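Q: Sharing a model prediction with you, sequence too.
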Amino acid sequence: MPALSVSHVSVVFGGSTAVDDVTLDVEPGEVLGILGPSGSGKSTLLRAVAGLERLDSGRVLWNGDDITAVPVHRRGFALMFQDGQLFPHRTVARNIAYALRTPAAASAARVAGLLDLVGLPGFADRRVTELSGGEQQRVALARSLAADPRLLLLDEPLSALDRELRERLAGDLRRILVDTGTTAVFVTHDQDEAFAVSDRVAVMMEGRVVQLGTPAEVWRRPASPQIARFLGYTTVLTGEAARLVVPRATGGVALRAAAVVVADDGTADATVVRVTPAIDGSRVRLAVTGIGEADGIAGPRHPVVAGDRVRVAFDPAGIAELA
Amino acid sequence: MTATRPRPAPGTILAVVLGAGVPLAFVAVFFAWPVATMVGRGLLVDGTLDLGGFGDVLARPRTLRLIGLTVGQAALASVVCVILGLPVAHVLYRLRFRGQRMLRALVVLPFVLPTVVVGVAFRTLLREGGLLGGLHLDGTFAAIMLALVFFNVAVVVRTVGGAWEGLDSRQEEAARVLGAPPVRVWLTVTLPRLAPAIASAASIVFLFCSTAFGVVLVLGGTKFGTIETEIYQLTTQFLDLRAASVLSVTQLVVVLAVLLVAARARGRRTAQRRVESAQSRRPPRAGDVPSIVVTLLVAAALALPIVALVLRSLHTADGWGIGNYLALGGTGSRNALVVPVWVALGNSLAIAVQATVIALVVGLAASLVISRRPRSTALRHALTGFDGALMLPLGVSAVTVGFGFLITLNQPPFDLRSSPVLVPIAQALVALPLVVRTVLPVLTGIDARMRESAAVLGSAPWRVLRDIDLAIVARPVLAASGFAFAVALGEFGATSFLSRPDRPTLPVVIFRLIGLPGGDNLGMALAASVLLAAVTVGVIALVERLRVGTIGAF
C-alpha cells in the first residue's frame, strides 16, 4: 500500500485552478520530486498535502486512511520552506528541538545527533540570524527531521542558495533522506535538483501532472514538446527532420545544444547563423540542412564565425525521444 | 465530488470572535458612541436634523478667528517642523559619529513630555525675569508656535529619519557619477524618495498641532486658542453644549480629512526597498557642516526650556533651594489643592497602570486580528477599515473624547460618570493608537509560512500563537506598555474633563496650581512639573533600552 495517496485533488483560487485533478502515490521510504515551472501549482499541491490549503475536491490518504479533514498539526508531517523559516527568537538548538516533546536531556542528545547528520556539529547555541543561507537550510532540515515525521515535505529547499552550494547540498539531502529512510515529497523548478534527489519525478504544468517516472525515464523520454523544452531541450523536431537525427525515431526528437556538435566528420551540413563565446569554445546558432535552425556547440578547435559552412555531428547524450 | 475541507481546530472561532470582538466593542462603546452622540447634539434639535446651529456658531467672529488660528498655526508649525527636521534627520540617521545616540535621545525627549509640563516650561522661559524674558514673547502667538515646534520636530526627525536610513545610497552615487551636482542629486533623487515620509510626518504634525490642548491652554491665555481649547471653555465655563458640539464636529471633519491624506502617504511609502542602516550611514564630511550646525542649534533650543524649568524650580523666595519640592507634601497657598501633590502623583501612577493594561489588552487583541491576511477580499477590506478606525483616537481630540464621555456615559446602560474607571478608559483610548502602531508592524512582518512551519511541526493553533506571535512580539509589547504608560501619565485633555475633584492626577494638579498664582503655588507647579517629567523620561529611557525604536515614528 502506498504511504501517501493524493486522489483527484483540485485547489481553486478565486476562479483560477491552481491544482487540477491531481492523483499521485508515494511509496514508503520513497522520495518523490515534483518538478515544474513557476506557477505550475506544485507548491500549492505540497501545501494541500500538508493541510495548509483547503481542497476544492479530492482526498488525501495516509496508509489508506482519509486525512483530508485532519488539521495541519495532527498530521505528523514536516514542511521545509525555500528560506527555512527558522524562528528568529530561538537558538539553533531550540529551533531543532521545537517539535520534540521529550525531556531536555533527551532532546539535547537528539539535537546534537541531528546537527552531526546535517554537518553542523557544535552549532547548537548559535543564533539563527548569524547563520549563512546554506547553514540555515541545514538547520531547517534538522528541525524538520527532529520529530521523525511520517512524511517530509520540501518546498524548493535549495533554490535560494548559490549554485555550488546547491549542488553540494542536493547530494547531502539525498544521502540524509536515504539514510534516515524518510518518505518525502520534494518540490523544485530545477531539473538538476529534482533528478539528484528524487527516486521518481512528477512533472507538473498548469496544475496538472503531465508526466510521472524515474529521473532517467523523464530525462530520456519527455512526454511532450513542452516538457522537453522545460527540461532544457532547445530544439524539438518531428517527422523527416527527427529521423535525420535518430533514424529509427517514431515520434518527435528533442535536442539540447550539446547534442549538435560542429565536427569535421559530421553527418549533416549547416550554416553558422550566430556565435556566442563560451568557456569551452562557443555556443552557435546553426541552420542545419533538412532540420532548420538549432542551437549547438563548437569546440575550441573549431573556431567559427557567422556565415561559415560547417559539418555537424549528433551526440546521443544530448538527445531525447519524445514518448 | 463533494468538497472536503479541514475543519478549524476547536476554539479557533472563539479566539477570533474574542480577538476581534473585544477591541471592536471597546472602540464602539468608548469612542464611536460618545463621538456619535456628540455629533448628534450638534445636528439634531428635538429629534430633527437642524443645521441651524452650525450657521449660528460658525458665523460668530470669535469662532471664525479660532478656526483660522487653529488651521494657521498647525500649518505653520508643520512647515517649520519639516524645515528644521530634515537637516536633523540627515545628521542623526545618515551620518555616523560619537554622541549620536545621546543627540537622538535629546531630540525625542520633548515629544514624550506631558503637554502641561511643556506649557509650564515655556512660560518659565518666556515670562518677565525668565531666561528669555527680554524677548517679551509671553502670551504671544510666537510662544505657542515655539512650543508646538518644540513638541513635534521629533515626529519629523523620527519618521523621515527612519525612511532616510533605509534608502539605498547607490542611487545618489549613480546620479553623481552621471554628473549631477550635490544640490541637484538631493532635489531630483533623494527628495522624491523621501516625499511620502515627509508628507506623512507633516500630516501627523498638523494633526497634533490642530488638536493641541494643554500647551495652548497654558500659553495662550485669553487671546489665543484653538478649537480644542474653545470646546473646553464652552463646556466648562459657558455650559454651551450645542456650540461645543458644532465645534467638535467641525474639528472631526478636518481631522478625518488629514488622516486620509496621511493614510495615502503611508500607503505609497511601502513600495520602496529598504537597506540595512549600517550600509547607508557614513562619517560626516565638509558638505554636512550646514546641517550639523542646524542640528546643534535645534538641540540647544530643545534643551533650553527644560533647563529653564529645572533651574527655576530650584529658585525659592529665599534663594536657591529645594523648598518647592518640600512643599509638594502640602496643598499649596490658600489651600489651592484638595490633596497633596504626592497623593496626586500616586493617583497618576495608579490610573496610568490601569490605562496601560486596558490599552495593551485591547491593542494586542486588535493587532493580532488585523495582522491576519484572510483570503476573502471583503474580510481583508474590513480589517483595513478596522485598522483605520483604531487610529482615529490619535486625531480626534482628547477633549472631544472626554466631552463625549460626559454626555453619553451618564445614563444606563453605562452610568459610569462617577465611576473611577472612566479616566483610565479615556487615557487608554488616547494610548491605543500608539500600542497598535508599535505592535502591529512587528506582527505583520512575521512571515505566514513561519506560523505554518510551526503548525506542520505539530503545534496546535494556540501553541503557534504563543510560540511565534507572542514570543516575537514580547519586546515590542513591553516597549508599547512603556509608551502607553508615559502617555497616560501626561494625558491632560480628556482627564481634565473626567477626573474627580477628590482624585486628581498630577497634570490636573499642575494646571490648577498655575491657575492660582501667589504664594508658593507657582514654585510648586514647577517642582511638580519636573517630577512628572522625570517620571516620564525615566519610563521612556527604560523603553529605549529595548531598542524597538518607534517613539514618534508613525
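A: Sure thing, it's come through. Residues are numbered from 1 along each chain as shown, chains lettered A, B, ... in the order given.
Q: can you list the residues of the stretch 301-450 of chain B near chain A?
A: Contact residues (C-beta under 8 Å from any C-beta of the partner chain) of the stretch 301-450 of chain B with chain A: B:447, B:449, B:450. C-beta here means a position set from N, CA and C on the backbone, and glycine is covered the same way.
Q: ok, and the most crowded of those?
A: With neighbours defined as other C-beta atoms under 10 Å in any protein chain shown, the most crowded of these is residue B:450; it has 20 neighbours.
Q: What's the per-residue pLDDT of that one here?
A: Note for residue B:450: predicted pLDDT of 90.
Q: show me the contacts for it.
A: Shown in contact with residue B:450 (C-beta atoms under 8 Å, 6 or more residues apart in numbering or on different chains): A:85, A:87, B:468.
Q: which residues are contacting the helix or strand containing residue A:24?
A: Secondary structure assignment for residue A:24, by DSSP states H and E: strand A:16-26. Outside of strand A:16-26, the residues that reach it under the criterion C-beta under 8 Å, 6+ apart are A:2-12, A:32, A:41, A:44-45, A:48, A:57-58, A:151, A:183, A:185, A:202, A:204, A:206-209, A:212.
Q: is it fair to say residue A:313 lies in a strand?
A: Yes - looking at residue A:313 with DSSP: H, G, I helix; E, B strand; the rest coil, it is inside a strand.
Q: which ones are touching it?
A: Residue A:313 makes contacts with A:261, A:263, A:265, A:266, A:267, as judged by C-beta under 8 Å, 6+ apart.
Q: Do I have it right that the last one meets residue A:314?
A: Yes - because the distance of 6.9 Å satisfies C-beta atoms under 8 Å, residue A:267 is recorded as touching residue A:314.
Q: quick one on the thing from earlier: among the contacts of residue B:450, which one sits closest to residue B:135?
A: Of all those, the one with the least separation from residue B:135 (C-beta to C-beta) is residue B:468, at 56.5 Å.
Q: Give me the pLDDT value at that closest one.
A: At residue B:468 the predicted local distance difference test score is 90.
Q: tally of neighbours for the spatially closest residue to residue A:64 that is not a sequence neighbour?
A: Of all residues beyond its chain neighbours, the one nearest residue A:64 is residue A:1 (5.7 Å), with distances taken as C-beta to C-beta, 6 or more residues apart in numbering or on different chains. Residue A:1 has 9 neighbours, counted by other C-beta under 10 Å.
Q: Same question for residue B:419.
A: A count of nearby residues for residue B:419, using other C-beta under 10 Å, gives 13.
Q: State the pLDDT value of it.
A: In this prediction, residue B:419 carries a pLDDT score of 73.
Q: So it belongs to a strand, correct?
A: No - the assignment for residue B:419 (three-state DSSP) gives coil, which keeps it out of a strand.
Q: Please report how far residue A:286 lies from chain B.
A: 40 Å (C-beta to the nearest C-beta, to the nearest Å).
Q: Direction included, what does the helix or strand harbouring that residue pair up with?
A: Here residue A:286, judged by DSSP H and E, is contained in strand A:281-288. For strand A:281-288, the paired strands and their directions (DSSP bridges) read strand A:268-278 (antiparallel), strand A:292-298 (antiparallel).
Q: what's the closest of those to residue B:479?
A: When these are compared by C-beta to C-beta, strand A:268-278 sits nearest residue B:479, at 56.0 Å.
Q: ok, and for the closest one, which residues are buried?
A: When burial is assessed from 16 or more other C-beta atoms under 10 Å in any protein chain shown, strand A:268-278 yields the following buried residues: A:268, A:270, A:272, A:275.
Q: quick one on the thing from earlier: okay, the strands paired with strand A:281-288 in a markdown table with mean pLDDT next?
A: Conversion of these to a markdown table gives the following (pLDDT from 0 to 100):
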| stretch | mean pLDDT |
| --- | --- |
| strand A:268-278 | 91 |
| strand A:292-298 | 91 |
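Q: In helices only, show me the residues of the stretch 301-450 of chain B next to chain A.
A: Using DSSP state H to define helices, the subset of those located there is B:449, B:450.
Q: With distance to residue B:392 as extra columns, can I get the residues of the stretch 301-450 of chain B next to chain A in a markdown table?
A: As requested, those are exported to a markdown table (distance: C-beta to C-beta, whole Å):
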| residue | distance to residue B:392 |
| --- | --- |
| B:447 | 30 |
| B:449 | 33 |
| B:450 | 31 |
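Q: Please, where are all the helices along the stretch 1-150 of chain A?
A: Under the criterion DSSP state H, counting those that start in this stretch, the stretch 1-150 of chain A carries helices at the ranges A:42-50, A:92-96, A:104-117, A:133-146.
Q: Could you save those helices as JSON lines and add columns showing mean neighbour count and mean pLDDT?
A: Shown next, in JSON lines, are the helices of the stretch 1-150 of chain A (neighbours: other C-beta atoms under 10 Å in any protein chain shown; pLDDT from 0 to 100):
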{"stretch": "helix A:42-50", "mean neighbour count": "24", "mean pLDDT": "94"}
{"stretch": "helix A:92-96", "mean neighbour count": "24", "mean pLDDT": "92"}
{"stretch": "helix A:104-117", "mean neighbour count": "16", "mean pLDDT": "86"}
{"stretch": "helix A:133-146", "mean neighbour count": "24", "mean pLDDT": "90"}
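Q: right, so of those helices, which gets closest to chain B?
A: Comparing those by their distance to chain B (C-beta to the nearest C-beta), the top pick is helix A:42-50, with 5.3 Å.
Q: what about residue A:293, neighbour count?
A: Around residue A:293 sit 14 other residues, with neighbours defined as other C-beta under 10 Å.
Q: if I pick the nearest residue to residue B:516 once chain neighbours are set aside, what's in contact with it?
A: Taking C-beta to C-beta, 6+ apart, and ignoring the residues beside it in sequence, residue B:516 has residue B:336 as its nearest neighbour in space, at 4.5 Å. With contact set as C-beta under 8 Å, 6+ apart, residue B:336 has these partners: B:512, B:513, B:516, B:521.
Q: Repeat the analysis, applying 6 Å as the threshold.
A: Residue B:336 is in contact with B:513, B:516, B:521, counting by C-beta atoms under 6 Å, 6 or more residues apart in numbering or on different chains.
Q: continuing past the helix or strand of chain B with the lowest mean pLDDT, what's the next helix or strand?
A: When each helix and strand of chain B is scored by mean pLDDT, DSSP states H and E, helix B:277-280 comes last, with a mean of 60. Proceeding C-terminally, helix B:277-280 gives way to helix B:289-313 as the next helix or strand, assigned by DSSP H and E.
Q: partner strands of the helix or strand following that next one, parallel or antiparallel?
A: Beyond helix B:289-313 in the direction of the C-terminus, DSSP H and E gives the next helix or strand as strand B:315-316. The strands beside strand B:315-316 in its sheet (DSSP bridges) come out as strand B:319-320 (antiparallel).
Q: Show me how far the partner strand is from its chain's centre.
A: Centre-to-centre, strand B:319-320 and its host chain are 36 Å apart (C-alpha atoms, centre = their mean, to the nearest Å).
Q: what do you get for stretch A:166-185?
A: Its chain's average C-alpha position is 13 Å from that of stretch A:166-185, according to C-alpha atoms, centre = their mean.
Q: sorry, back to before: which one of the residues of the stretch 301-450 of chain B next to chain A is nearest to residue A:193?
A: Residue A:193 lies nearest to residue B:449 out of these, by C-beta to C-beta, at 19.9 Å.
Q: The closest one against residue A:83, yeah?
A: No - counting by C-beta atoms under 6 Å, no contact exists between residue B:449 and residue A:83, whose distance comes to 8.1 Å.
Q: ok, residue A:59 to chain B distance?
A: Spatial separation of residue A:59 from chain B under the definition C-beta to the nearest C-beta is 6 Å.
Q: just to revisit the earlier point, what does the average pLDDT come to for the strand holding residue A:286?
A: Model confidence over strand A:281-288, given as mean pLDDT, is 91.
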